[in-house]
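my questions concern the predicted model and sequence given below.
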Amino acid sequence: YIVVERERAFIKYGSFKTAFTDTELASYNRTLSGVQGSFETLKSTVYGDPKSGIKFFGAHSQQLADHNEFAATGGSLYYTRFRGLIQGGEKLRVEVRDKIQDLVLHSYDLVEGQDYEIDYKEGRILLSKPLSSIAGSDTIASNDILNGSPVFLIADYEYDAGPQAFENDDGGLRGYTHVGEHIRIGATGVKERRQNQDYDVRGIDATVKVGRNTKVSMEYAESKYEQTQEAVSYNGGLSFANQSLLQGATGTPDKAFLLKAESKPFKNFETSGYIQGIHPRFSTDRTRSQAGTEKYGYAAKYKFSPNLYARYRFDTADAARQILPLDVTGVSAPYETFKNHTGQIVYNNGLWLAETEYRRQFFDFPTVNLLPTLLYADQYKNVISEKVGRKFNDRILPYVKVQTTIDGKGNHQFGGGVRYDLNHQLAA
């Protein structure tokens with residue numbers, strides 16, 4: 001490739017990653033060949049963010065993109081759905097998802113040669129370390145005997161579709177600017193010109209920062225047709241379930257919206273909340289698992305002392321009205337309405353850990369087109385859990401746990417385990 005750089009600006013001709021990942025809804029992250037450019041001002045806000053920025057790309061491609069999600073198996077070997085991958089075109093990351101709402105808690109990118117090796121011809125991915133199927137969770141009540149937040153390996157890659165594949169023109173533009181020191185507004189637009197169905201996504205976003213302890217982000221986006229093929233595997237790639245648009249590709253734009261807020265308004269108290277809606281035909285590589293749902297929630301935490309805190313969390317999820325009634329639309333869903341209250345008291349002095357948790361659930365399951373889950377199998381309404389452990393060293397925590405339900409279906413558990421902190425983000 002050829003690149004011309006100066007300070008915070010560059011223009012590149014050759015292969016590149018589009019890297020439109022500044023936002024969650026209008027994301028677009030493919031590996032293409034063409035022209036790419038980026039510019040950010042040298043002047044920064046009081047928070048260290050560039051005052052303004054713009055990036056763009058234009059490409060002519062013949063390869064196709066695929067998005068694979070692998071539920072971590074505890075092993076290190078995974079196979080992509082298609083073979084004949086374009087060398088250097090893969091982007092791998094690990095996602096840890098909330099066990100209650102299935103939202104992404106955090107993720108991190110993997111580096112070839114350091115975190116994994118890949119056979120492009122066979123689509124074989126070999127991780128340098130086994131990937132645990134669950135990660136540590138900040139709640140202890142569980143529908144499953146194995147408690148924790150589910151872990152997924154995400155593989156976005158390009159593959160050779162053969163000499164008869166239709167050539168596409170791809171282009172995108174992303175820009176943002178600050179209004180004063182505290183408000184940033186941005187916009188994103190991407191278009192793929194395809195043989196029959198041109199993909200299009202457009203979004204606007206805003207971020208407000210008030211001091212170091214308060215941040216509010218808002219996004220709205222619309223898309224038309226499907227961004228990329230998607231599939232999920234629960235056995236390391238031996239088989240896949242296709243994840244197409246819930247209500248098919250009609251060419252009518254569908255929308256998504258997201259609001260997140262977090263704040264520490266005074267000493268020892270922190271709070272956060274979110275509102276999210278992903279309509280059934282909205283499509284980007286990061287939203288398929290949330291399609292057809294509307295969710296919102298709130299959490300608050302207060303520290304009574306360095307070793308003792310209380311936490312409350314409320315979450316609710318509804319099937320989007322666009323897919324109801326299910327018997328008419330033909331869509332399957334795990335629930336029509338789900339609500340969850342969680343209260344905790346936690347003591348942790350660095351050596352001893354003691355947690356007490358109370359959870360209350362409300363649910364309304366469809367009578368037709370039900371997508372079975374553990375929530376449906378264990379329809380308890382009230383549960384109390386207790387966990388006690390003592391650290392063996394800085395990373396290893398042996399513990400015992402007990403859980404009992406008060407009403408609804410019984411889910412009584414007693415057991416123990418060992419928590420091992422792999423790094424500052426992930427624990428097994």
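Sure, I can see it.

the residue nearest to H341 when sequence neighbours are not counted: what secondary structure?
Spatial nearest neighbour of H341, chain neighbours left out: R360 (4.5 Å); criterion: C-beta to C-beta, 6 or more residues apart in numbering. All C-beta atoms are positioned from the backbone trio N, CA, C, and that covers glycine. At R360 the chain is in strand, as set by DSSP: H, G, I helix; E, B strand; the rest coil.

how close does R360 get to K121?
Between R360 and K121 the distance is 52 Å, computed by C-beta to C-beta, to the nearest Å.

ok, the two, which is more surrounded?
Legend: neighbour count by other C-beta atoms under 10 Å for R360 and K121, higher for R360 (15 against 10).

wait, what's in contact with the more buried one?
340-341, 381-382 (C-beta atoms under 8 Å, 6 or more residues apart in numbering).

who wins for neighbours among those?
Going by other C-beta under 10 Å, N340 tops the contacts of R360 with 20 neighbours.

can you name the residues bridging to it?
D315, Q361 (DSSP bridges).

which residues touch it?
100, 313-316, 359-362.

ok, the contacts of R360 vs L258, which is closest?
Of all the contacts of R360, N340 has the smallest distance to L258: 19.7 Å, by C-beta to C-beta.

so the residue nearest to N213 when sequence neighbours are not counted, which state does it fall into?
Leaving aside its sequence neighbours, N213 sits nearest to K264 (C-beta to C-beta, 6+ apart; 3.9 Å). Per three-state DSSP, the local secondary structure of K264 is strand.

so K264 sits against G211, correct?
No - contact criterion C-beta atoms under 8 Å: K264 and G211 do not qualify, at 9.1 Å.

who does the nearest residue to H279 once chain neighbours are set aside bridge with?
Of all residues not flanking H279 in the chain, D254 sits nearest, at 4.3 Å (C-beta to C-beta, 6+ apart). Assessed by DSSP bridges, D254 has beta-bridge partners S223.

relative to A135, how far out is the residue nearest to H341?
Going from R360 to A135 by C-beta to C-beta gives 25 Å.

from G75, how far out is the residue nearest to S76 when sequence neighbours are not counted?
Nearest non-adjacent residue to S76, counting by C-beta to C-beta, 6+ apart: L127, 4.0 Å away. According to C-beta to C-beta, L127 stands 8 Å off from G75.

neighbour count winner among these two?
Taking other C-beta under 10 Å, L127 and G75 do not tie; L127 has more neighbours (18 against 13).

could you check how far that one is from A155?
Relative to A155, L127 is positioned 11 Å away (C-beta to C-beta).

okay, and the common contacts of the two?
Y78.

before we move on, the earlier item: which of the contacts of N340 has the largest number of neighbours?
So for those (other C-beta under 10 Å), the most neighbours sit at R359, 23 neighbours.

count of residues packed around the closest residue in space to it that isn't next to it in sequence?
Spatial nearest neighbour of R359, excluding adjacent residues (C-beta to C-beta, 6+ apart): A141 at 4.3 Å. When neighbours are counted by other C-beta under 10 Å, A141 registers 25.
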